[in-house]
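1. for reference, the sequence and a predicted model appear below.
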Protein chains: 2
Amino acid sequence: MNFIRKIVKPRNEEDAQLYNELKKLLNFSPRSINKYKKAFTHRSVQMLDSKGIPINYERLEFLGDSILGSVIAAYLYKKVPTGSEGYLTQMRSKIVSREHLNELGKDLDLIRFVKSNIDQANVGDNIHGNIFEALVGAIYLDKNYNTCQKFIYENVIVPYVDIEKLEGKITSYKGLIIEWCQKQKKKYTFDTYEDSGNEAIKHFSVKVSIDGEQIAKGRATSKKKAEEQAAKRVYFAFQEEISLG
Amino acid sequence: MNFIRKIVKPRNEEDAQLYNELKKLLNFSPRSINKYKKAFTHRSVQMLDSKGIPINYERLEFLGDSILGSVIAAYLYKKVPTGSEGYLTQMRSKIVSREHLNELGKDLDLIRFVKSNIDQANVGDNIHGNIFEALVGAIYLDKNYNTCQKFIYENVIVPYVDIEKLEGKITSYKGLIIEWCQKQKKKYTFDTYEDSGNEAIKHFSVKVSIDGEQIAKGRATSKKKAEEQAAKRVYFAFQEEISLG
């Protein structure tokens, strides 16, 4: 008997491509490609499986939303030991807000995977957040809770969640970095350029250097977001020095 | 170096007693007794830890509520493959309703562990559900997500969750069992008796026998609930035969 769980190899060209792109996106090898295909299928496709159950992402969205909520709750619980129940609830609502999840889905350019019979222009903005949630649900079914947690850490918490900013204490990381550099007489550059590659949604990349040394990179769907992402990484790299002066 | 995580032995008589009772309740050895003590401390106690953070169950309740939601979501997703997103959402709301969680907390008699400066008669009914959620949060912090899942399966899903009943298809398991026995000319007894032991809340136990053989037991805070619990277990024991006739 062989207890090593087999990775099901994709059967056709299209699946093989999805498999490779997912591997890059997820940082692990997907086992069951069909779960991800479901996560990217809009109900307008009107497909049924062999049991007559509709194949689309709506049920996975329900599952992913729950898992996302509990991963974020556990993160906030540990991250903010002084936060009351009300504070934690409010912070979580901000993080999993429709607007925020739509941003996430767009930054990961998940729409490139979506099958729909409705024109992309007409599906509305929420599809980006919905398929992000469905993807979390698919990861849970394909792997487990811990893999979801890791994915959410890498793709939600590290690049986006920022208690200081959510609390309104820091409004712009770029502003903060520039101010600090000026005070410390350090030279800084934000080198921002379009970097969409083959993706359906326009992306921007930015490299931040301080005194000629590259400190951090960022990439997002707007210049401002990419810059904030990179500036936040700079902030964490120099956090101690910045808070001292 | 020793990589085996140490179980912190309770330091005093009171902790030792809590440790033993928890071990029975949880079906595993708790590691950090303080997490559970926190889960059972009402804010009226007004304790602070060494960092000035209040010690009470409110933050753990937030955490446990989230984890409970995602465990139930994953259960429903798998259990009801034909259920739409809306159906799953509705079923989950029923399962994690305040009323249902209060029932759960009462059946586990969690109130016996609670420290409060308010009279039990004045804390309100919701404390039972709140400390149930806080207990789930404490299990998560003390152990991990999988242990929570197991605890929720054993204490919520197996004894209480019942899709047919939630859907209103079966209104009384006791009625169903009696009807089936009469049809099949089987003798049945529901032997119900008070069985509170040392617990603060009155409990009832019931043994159900069919044709002289004991099939199932139930135990809850009312006769009716104990009987339904036992009858449901009988139903699952005879499910195939019952559905045939």
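-> Received the coordinates, thanks. Residues are numbered from 1 along each chain as shown, chains lettered A, B, ... in the order given.
2. work out which residue lies at the spatial centre of chain A.
-> When C-alpha atoms, centre = their mean is applied to chain A, the residue found nearest the centroid is A:Asn155 (3.6 Å).
3. against A:Leu25, how distant is that residue?
-> Per C-beta to C-beta, to the nearest Å, A:Asn155 is found 9 Å from A:Leu25. C-betas here are computed from N, CA, C, even on glycine.
4. need the residues touching each of the two.
-> Counting by C-beta atoms under 8 Å, 6 or more residues apart in numbering or on different chains, the contacts common to A:Asn155 and A:Leu25 are A:Leu108.
5. is the helix ranked longest in chain A anywhere near chain B?
-> Longest helix in chain A, counting residues (DSSP state H): helix A:58-79. Yes: on the criterion C-beta under 8 Å from any C-beta of the partner chain, helix A:58-79 is in touch with chain B at A:58-59, A:61-63, A:65-67, A:69-70, A:72-74, A:77.
6. okay, the angle between that helix and helix B:58-79?
-> With axes from the mean of the first three to the mean of the last three C-alpha atoms, to 10 degrees defining the directions, helix A:58-79 sits at 160 degrees from helix B:58-79.
7. quick check: mean pLDDT across helix A:58-79?
-> Helix A:58-79 comes out with an average pLDDT of 96.
8. now for that helix, which elements pack on it?
-> Using 3 or more C-beta pairs under 8 Å, 6 or more residues apart in numbering or on different chains; DSSP states H and E as the contact criterion, the elements in contact with helix A:58-79 are helix A:33-39, helix A:85-95, helix A:126-142, helix A:145-152, helix B:58-79, helix B:85-95, helix B:126-142.
9. can you list the buried residues in the longest one?
-> Across helix B:58-79, burial judged by 16 or more other C-beta atoms under 10 Å in any protein chain shown covers B:58-77.
10. and if you look at the third one?
-> Of all the residues in helix A:126-142, those buried under the rule 16+ other C-beta under 10 Å are A:127-142.
11. please apply the same query to the second one.
-> Going by neighbour count (16+ other C-beta under 10 Å), the buried part of helix A:85-95 is A:Glu85, A:Leu88, A:Met91, A:Arg92, A:Ile95.
12. which single one of these is nearest to B:Lys106?
-> Ranked by distance to B:Lys106 (C-beta to C-beta), the buried residues of helix A:85-95 are led by A:Glu85 at 22.0 Å.
13. hang on, the closest one packs against B:Glu58?
-> Yes: contact criterion C-beta atoms under 8 Å: A:Glu85 and B:Glu58 qualify, at 4.3 Å.
14. ok, the residue nearest to the centre of chain A - contacts?
-> Listed by C-beta under 8 Å, 6+ apart, the contact set of A:Asn155 reads A:Leu104, A:Leu108.
15. which SS state does it fall under?
-> Following DSSP: H, G, I helix; E, B strand; the rest coil, A:Asn155 is assigned to helix.
16. from chain B, how far off is it?
-> 18 Å (C-beta to the nearest C-beta, to the nearest Å).
17. can you check A:Ser196 too?
-> Using C-beta to the nearest C-beta, one obtains 33 Å as the distance from A:Ser196 to chain B.
18. that residue: what secondary structure?
-> coil.
19. wait, it sits on A:Arg219?
-> No: at 10.2 Å, A:Ser196 does not count as touching A:Arg219 under the criterion of C-beta under 8 Å.
20. pull out the buried residues from the helix or strand harbouring A:Leu176.
-> In the assignment (DSSP states H and E), A:Leu176 maps to helix A:173-183. For helix A:173-183, a neighbour-count test (16+ other C-beta under 10 Å) marks A:Tyr173, A:Lys174, A:Leu176, A:Ile177, A:Trp180, A:Cys181 as buried.
21. thinking again about what came up before, next one: the longest helix of chain A to chain centre, how far?
-> Averaged C-alpha coordinates place helix A:58-79 at 13 Å from its chain's average position (C-alpha atoms, centre = their mean, to the nearest Å).
22. what about chain B: which of the buried residues of helix A:126-142 touch it?
-> Among those, chain B is touched by A:Gly137, A:Tyr140, A:Leu141 when using C-beta under 8 Å from any C-beta.
23. among the residues you listed, which one lies nearest to chain B?
-> The closest of those to chain B turns out to be A:Tyr140 (C-beta to the nearest C-beta; 6.7 Å).
24. which ones are touching that closest one?
-> So A:Tyr140 contacts A:Leu63, A:Gly64, A:Ile67, A:Thr147, A:Cys148, B:Ala74 (C-beta under 8 Å, 6+ apart).
25. and chain A, which of its residues are near chain B?
-> Counting by C-beta under 8 Å from any C-beta, chain A comes close to chain B at A:51, A:53, A:58-59, A:61-63, A:65-67, A:69-70, A:72-74, A:77, A:81-85, A:88-89, A:92, A:137, A:140-141, A:145-146, A:149.
26. ok so A:Val208 is a strand residue?
-> Yes: counting by three-state DSSP, A:Val208 is part of a strand.
27. bridged to it, which residues?
-> Under DSSP bridges, the beta-bridge partners of A:Val208 are A:Phe190, A:Ala216.
28. residues near A:Lys187, how many?
-> Using other C-beta atoms under 10 Å in any protein chain shown, A:Lys187 has 9 other residues around it.
29. for the nearest residue to it once chain neighbours are set aside, grab phi and psi.
-> The shortest distance from A:Lys187 to any residue other than its chain neighbours is 5.5 Å, reached at A:Asp211 (C-beta to C-beta, 6 or more residues apart in numbering or on different chains). When read as degrees, to the nearest 10, the backbone of A:Asp211 gives phi 50, psi 50.
30. A:Asp211: neighbour count?
-> Residues near A:Asp211, counting by other C-beta under 10 Å, number 12.
31. please apply the same query to A:Lys150.
-> Number of residues near A:Lys150 (other C-beta under 10 Å) recorded here: 16.
32. what does the pLDDT read for it?
-> pLDDT recorded at A:Lys150 is 95.
33. from A:Asp162, how far out is it?
-> Using C-beta to C-beta, we find A:Lys150 at a distance of 19 Å from A:Asp162.
34. again with A:Tyr235
-> As judged by C-beta to C-beta, A:Tyr235 and A:Asp162 stand 9 Å apart.
35. who has more neighbours, the two?
-> A:Tyr235 (22 against 18).
36. confirm for me that the more buried one is in contact with A:Lys174.
-> No: applying C-beta under 8 Å as the test, A:Tyr235 and A:Lys174 come out as separate, 9.6 Å apart.
37. quick check: which ranges of chain A have low pLDDT?
-> Per-residue confidence for chain A (pLDDT under 70) gives these ranges: A:1-10, A:121, A:169, A:243-245.
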